[in-house]
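Visitor: Generate a structure from the sequence data that follows.
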Amino acid sequence: MPKIKTSRTRAPPEGFEEIESVLDEYARRMRDVESESHEGKRKAESTWPIMRINHTRSRYIYDLYYKREAISKELYDWLLKEKYADATLIAKWKRSGYENLCCARCVQSRDMNYAGSTCICRVPKAALKEGTVVECNFCGCRGCASGD
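Guide: Have a look, this model is predicted:
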């Protein structure tokens, strides 16, 4: 059986104390969502709140480092290493056209219905028929195309 980590690998860099309370709040919200009942929900629907919290926590760290420049490179790298943020998702946000991406799975073509396509939430709303309701099966997103 693998060893369960009970503590961090090393002490956090300087500046972590300033954002620790916000990250603890995200952790508390995640525990609450994970422990709530999944009765009456579809299988995929039960993971949507988890995906949303992961997205907002990753966006918070992304904004701190890239937009507001409020944290150091050392702290940012440590947060990614300790899995406080989704590094794959942040890497996509840095690319043009993916600024509003909801989850990294929505741009993977291998999991989609049609070969070489992306998720329905990545299609701009202007390209869809009027009145069409868009909802991603993976994360519950209702549209994250940059053109919307």
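
Visitor: longest helix of the chain?
Guide: Looking across the chain with DSSP state H, the single longest helix is helix 16-35.

Visitor: Contacts for that helix next, please.
Guide: Residues outside helix 16-35 that contact it (CB atoms under 8 Å, 6 or more residues apart in numbering) are 12, 49-50, 53-54, 56-57, 60, 64, 71, 75, 78, 84. C-betas here are computed from N, CA, C, even on glycine.

Visitor: Can you flag the buried ones in the residues you listed?
Guide: 12, 49, 53-54, 57, 60, 64, 71, 75, 78, 84 (16 or more other CB atoms under 10 Å).

Visitor: The contacts of helix 16-35 in helices, which ones?
Guide: 49-50, 53-54, 56-57, 60, 75, 78.

Visitor: Tell me how many other residues crowd residue 98.
Guide: Neighbour count of residue 98, defined by other CB atoms under 10 Å: 18.

Visitor: Closest to the centroid, which residue in this protein?
Guide: residue 55 (2.6 Å; CA atoms, centre = their mean).

Visitor: Now that residue. Nearest residue, chain neighbours left out?
Guide: Distances taken as CB to CB, 6 or more residues apart in numbering place residue 102 nearest to residue 55, at 6.2 Å, with adjacent residues excluded.
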